[in-house]
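> sequence first, then the predicted structure:
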Amino acid sequence: MFTIRNCRMDSGEHIPMLVRKSTGMADLHAMEFVMLVDRAAGNSAAYIELRLRSVAVGLKLFHDLDIDVEQRLATGSFLSQTELSALATACRKRVDGKGDVVGEYIDLRYSTVVEFVSFRADFYRARAQGDRQDQLVRAAAHFEKLAKRIAPYVQSSSRSKERFGLEPDLRQKFLLLINPGSKLNPFRPKLRKRNNAILLLAFRHGFRSGELLGFKRFDFDDKAEVPTISVHRRPDDPEDKRKVPARAKTLAREIELDSDALGALEEWVEDRQVLARYPKRRVHGFLFVERQGGPLAARTLRGIYDRIRKVFPEFADLCNHMLRHDWNDRWVEMSQEEGWDDEGALQDQCYAMGWSRTSKQPGLYPRKAIRKRTNKRMAAMNNKLVAPRAAND
C-alpha cells in the first residue's frame, strides 16, 4: 500500500517520503507530520523514515477497518478501545507477515501512530470554536489516556537476542582470516587489502558502519608524527551521492591508529591510488570504494560480513556492530586487568566510542565482559562466607 522514496535536495539533504503505491503520490498528512515534528527537531533522515513506516502501519489498518480517520477526528470520535487494540496488534507484525518485529520497534510504531492521530486532531481543534472546540479538547484528552492504557506491552530483549563480542579463540581466527596473505582469506585478491583495512578499523577501534562508510581520504592523516583518523559528522553531505548515505551517529573525534590498523590502511591507500584499478575514485573523496572506485555502499559493507559468515559458520553472528561490542568487552577486560581508574577509563571509553560523558552506552555494550566481571566478584564475595557446620546431635 505504501513505499518509501528518498528525495535529495540541492543542499544534499535526504528527505524520505511516504508514497502511496496506487497513485505514486506522497501522503501529504504523513509528510506534514514528520516535517513539522521531526525535521523541525533536527531528527535524522533514518529516524524520519522509521516514523513514516510507523505511520504507514496505522494508515493501512485504518484502510483495512474502513476507518475514515479524518472524518472521525473532525467529529471528535477518535479511535475506540477495540480499534486501539487492533492497532497494538498490527504494530507487532512484520509488514511481510513473517513473524513479529522487535520490542523497541513495536513501541515506536504504536507511539508514532498515536502521536500522528493527535497531530491531525489538533488541525481540527484549532479551527473549531466555542463548545465545539471544548468537545474536541475533551475527546483528545480521553483518546490519549485510552491509548496509553491500551499500549502494547513490550518485553525486554531476551538473553538469546543480546549481542556480544567474539570469543577469545575466534578473535585470533578472525585476525588470521582477514589477513590479505592468509590461505583462509575468503575474499577476491583485488578486495583483500580494502577489506582488511575496513575490518581492522572496526575490530581494533570499534568504528560504526556509518563512520567507516563516511571516512574521506583527508580524514586519514598519515603525515602526522602519530598517524590518526578522524570521525566527522557530515549530515546531508553534497558529495555523498549514494542511495543510502553514510551517517555518523556519534560525536566527532580523532583516533590514533595502532600499528596493525595503520599498516593495513597504508597498504589500502597505496592500492587505492591506482586509477587503472579504481577509475571512479577520482570523482569523490571517500576513503573506501567499490570495485570500480565509486564510494563504498552500505550493502557492500554488509556483504563483507556475509561472506565471512558463509565460509566460516562459527562466525554466524558476525557483523560490524558485533566488533564494536567486542572492542568494549576487551576495553573492560583490560581495565580490570590493569587496574585502571574507573572514572578515567569510563571517560576514555566514551571518547573512543564517540559517546557523551553522561551516556549509558558503556554499561550496555560490554555486556559479556561486565557479566563475567560481576560473576567473578560475586563468587569472590560468597567464597568469603563459610557455612557453619551442622551439629552432630
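Structure's in. What do you need?
> longest single helix anywhere in this structure?
Ranked by number of residues, the top helix in the chain under DSSP state H is helix 103-125.
> elements contacting that one?
Applying 3 or more CB pairs under 8 Å, 6 or more residues apart in numbering; DSSP states H and E, one finds that helix 103-125 makes contact with helix 28-34, helix 45-64, helix 69-75, helix 81-92, helix 130-150. (Glycine included, C-beta is placed from N, CA and C.)
> wait, which of these is closest to Lys21?
When the helices and strands packed on helix 103-125 are compared by CB to CB, helix 45-64 sits nearest Lys21, at 10.6 Å.
> in that closest one, what counts as buried?
Neighbour counts over helix 45-64 (16 or more other CB atoms under 10 Å) mark 45, 48-59, 61-62 as buried.
> wait, which of those is closest to Thr23?
Leu59 (13.3 Å).
> now the longest helix of the chain: mean pLDDT?
On average, the pLDDT along helix 103-125 is 93.
> ok, which of the helices and strands packed on helix 103-125 comes nearest Phe312?
With CB to CB as the criterion, Phe312 lies closest to helix 45-64 of those, at 30.3 Å.
> CA atoms of that closest one as CSV?
Output of helix 45-64 as CSV, limited to C-alpha atoms (Å, rounded to 0.1, in the frame of the first residue of the first chain):
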residue,chain,number,x,y,z
ALA,A,45,16.6,11.1,7.9
ALA,A,46,16.9,7.5,9.1
TYR,A,47,14.7,8.2,12.1
ILE,A,48,12.2,10.1,9.9
GLU,A,49,12.0,7.1,7.7
LEU,A,50,11.2,4.9,10.7
ARG,A,51,8.5,7.3,11.7
LEU,A,52,6.9,7.3,8.3
ARG,A,53,7.0,3.5,8.1
SER,A,54,5.2,3.5,11.5
VAL,A,55,2.5,5.9,10.2
ALA,A,56,2.1,3.6,7.2
VAL,A,57,1.2,0.8,9.6
GLY,A,58,-1.6,2.9,11.1
LEU,A,59,-2.9,4.1,7.7
LYS,A,60,-3.0,0.6,6.4
LEU,A,61,-5.0,-0.5,9.5
PHE,A,62,-7.4,2.4,9.1
HIS,A,63,-7.9,1.3,5.4
ASP,A,64,-8.4,-2.3,6.3
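> list of residues touching the longest helix of the chain?
Under the criterion CB atoms under 8 Å, 6 or more residues apart in numbering, residues 29-30, 33, 36-37, 50-51, 53-55, 57-58, 69-70, 73-74, 78-79, 87-88, 91-92, 100-101, 133, 136-137, 139-140, 143-144, 147, 151-152, 154-157 lie in contact with helix 103-125.
> show me the chain divided up by domain.
The record's domain parsing of the chain by automatic domain parsing lists 2-159, 172-318, 324-383.
> need the distance between the two termini of the shortest one.
When you say that, I think you mean domain 324-383. Start to finish, the residues bounding domain 324-383 are 34 Å apart (CA to CA, to the nearest Å).
> what is the distance between it and the centre of its chain?
Domain 324-383 has its C-alpha centroid displaced from the chain centroid by 21 Å (CA atoms, centre = their mean, to the nearest Å).
> would you mind measuring from Arg307 to Phe123?
In this view, Arg307 and Phe123 are 51 Å apart by CB to CB, to the nearest Å.
> for Gly344, that is, sorry about that
Distance from Gly344 to Phe123, by CB to CB: 53 Å.
> more neighbours: the two, which one.
More neighbours surround Phe123 than the other of Gly344 and Phe123, with 13 against 10 (other CB atoms under 10 Å).
> low-confidence bits of the stretch 251-393 of the chain, can you list those?
Low-confidence segments of the stretch 251-393 of the chain, defined by pLDDT under 70: 381, 385-393.
> how about the helices in it?
Under the criterion DSSP state H, counting those that start in this stretch, helices of the stretch 251-393 of the chain are mapped to 259-272, 298-311, 320-338, 342-353, 367-383.
> of all those helices, which one comes closest to His14?
For these, the distance to His14 is smallest for helix 298-311, at 13.2 Å, taking CB to CB.
> kindly export the longest helix of the chain (C-alpha atoms) in PDB.
Only the C-alpha atoms of helix 103-125 are listed here, as PDB (Å, rounded to 0.1, in the frame of the first residue of the first chain):
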ATOM      1  CA  GLY A 103      10.100  -4.900  21.100                       C
ATOM      2  CA  GLU A 104      11.600  -1.400  20.700                       C
ATOM      3  CA  TYR A 105      10.100  -1.100  17.200                       C
ATOM      4  CA  ILE A 106       6.700  -2.100  18.400                       C
ATOM      5  CA  ASP A 107       6.700   0.800  20.900                       C
ATOM      6  CA  LEU A 108       8.000   3.200  18.200                       C
ATOM      7  CA  ARG A 109       5.200   2.200  15.800                       C
ATOM      8  CA  TYR A 110       2.400   2.500  18.300                       C
ATOM      9  CA  SER A 111       3.500   5.700  19.900                       C
ATOM     10  CA  THR A 112       4.100   7.300  16.400                       C
ATOM     11  CA  VAL A 113       0.600   6.400  15.200                       C
ATOM     12  CA  VAL A 114      -1.000   7.800  18.300                       C
ATOM     13  CA  GLU A 115       1.100  10.900  18.000                       C
ATOM     14  CA  PHE A 116       0.100  11.200  14.300                       C
ATOM     15  CA  VAL A 117      -3.600  10.900  15.200                       C
ATOM     16  CA  SER A 118      -3.200  13.600  17.900                       C
ATOM     17  CA  PHE A 119      -1.400  15.800  15.500                       C
ATOM     18  CA  ARG A 120      -4.200  15.600  12.900                       C
ATOM     19  CA  ALA A 121      -6.700  16.200  15.700                       C
ATOM     20  CA  ASP A 122      -5.000  19.400  16.500                       C
ATOM     21  CA  PHE A 123      -5.700  20.600  13.000                       C
ATOM     22  CA  TYR A 124      -9.500  20.300  13.600                       C
ATOM     23  CA  ARG A 125      -9.400  21.600  17.200                       C
END
